[in-house]
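Novice: Need coordinates for the below:
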Amino acid sequence: LYAAVVNDSGVPMLQKSTQAGESWTTVVDSFGVYEMAYAPKTQTLYASTDTQTVYEVHVDEKRVEKLSKVDPAISPGETGRRNELFDLEAGPEGMLYAGLGAGAYRSTDGGETWSECANEKLTATSEDPRDAQLGIPDVRDLLVTSDGIVIAATWNGVYRSTTDCQSWNRVIGPGGAEDL
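Specialist: A predicted model of the protein is given here:
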C-alpha cells in the first residue's frame, strides 16, 4: 500500500505500509506524486510528479528514476487540460496506460516510450458550437482489468477496449464521466 502525502512542514513524500495501513515508512522525501500505478507482473511502482513525467520508484533503494514524458502532439501555444496527466494505470502484462486531456496513451516498455491509442474513437461531435469540448478525448480515468480490457472515463462518456486501446466502444454516454 502506497500513499502520496505532504508532511506537517509541507514537504511532499511517498510512503509505504506493509501492515494494511497500520504503520507507514517513508520511501522517498521531497517527491510530490500526482498519480501512481503498480505493475504486479514486474513488481514495479510507477509515479508521475507533474503533468506528464513518469518515474520508476525503486522502493528498496528509496530512490526514483526518471523514465520519460508522455508527450501528446499538441499545437504550439496550446495549453490547459489537453496536456495534463489525469491517470496512470498498469496492465496485467506490464503495459502502462496514461489518461491525458489529449487522450489515452500506452507504453509497452515500462514507460520508456509512449504511443497514442486510437483517440479519434474517444471523441464525440456535436452540431452545437457550445459543445466544442466534445472534440477532445479528455481521458479523466482509466481502468485495466486483469484480462487486459481497458476502460476509459472521458468527457464524452465511458468507453471500453478489448484491443489494447486500438479501438473503442462507447458503453455509457454521451455525457461526461470523471472516475471509474
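Novice: Show me which helix or strand of the protein is least confident by mean pLDDT.
Specialist: Least confident element among the helices and strands of the chain, by mean pLDDT, DSSP states H and E: strand 63-69 (a mean of 80).
Novice: pLDDT below threshold where in this protein?
Specialist: 50-51, 71-83, 123-136 (pLDDT under 70).
Novice: Kindly recompute the last result at 90.
Specialist: 1-16, 18-19, 25-87, 91-95, 98-104, 109-140, 146, 154-158, 164-180 (pLDDT under 90).
Novice: partners of the least confident helix or strand of the chain in the sheet?
Specialist: strand 53-58 (antiparallel) (DSSP bridges).
Novice: residues making contact with the strand it pairs with?
Specialist: Defining contact as CB atoms under 8 Å, 6 or more residues apart in numbering, one finds that strand 53-58 is touched by 14, 27-28, 44-49, 63-70, 88, 96, 98, 107, 110-111. Using the backbone N, CA and C atoms, a C-beta is placed for each residue, glycine as well.
Novice: how does it look with 10 Å?
Specialist: Residues from elsewhere that reach strand 53-58 (CB atoms under 10 Å, 6 or more residues apart in numbering): 2, 14, 16, 27-28, 31, 33-39, 42, 44-49, 63-71, 85, 88, 96, 98, 107, 110-112, 114.
Novice: From residue 52, how far off is residue 7?
Specialist: For residue 7, the distance to residue 52 equals 26 Å [CB to CB, to the nearest Å].
Novice: These two: who's more crowded?
Specialist: Set residue 7 next to residue 52 and count neighbours by other CB atoms under 10 Å: residue 52 wins out with 20 against 11.
Novice: circling back to that earlier point, quick check on the contacts of strand 53-58: which are buried?
Specialist: For those, a burial check counting by 16 or more other CB atoms under 10 Å picks out 2, 14, 16, 27-28, 31, 33-37, 39, 44-49, 64, 67-70, 85, 88, 96, 98, 107, 110-111, 114.
Novice: Strands - which of those land there?
Specialist: 2, 14, 16, 27-28, 35-37, 39, 44-48, 64, 67-69, 85, 88, 96, 98, 107 (DSSP state E).
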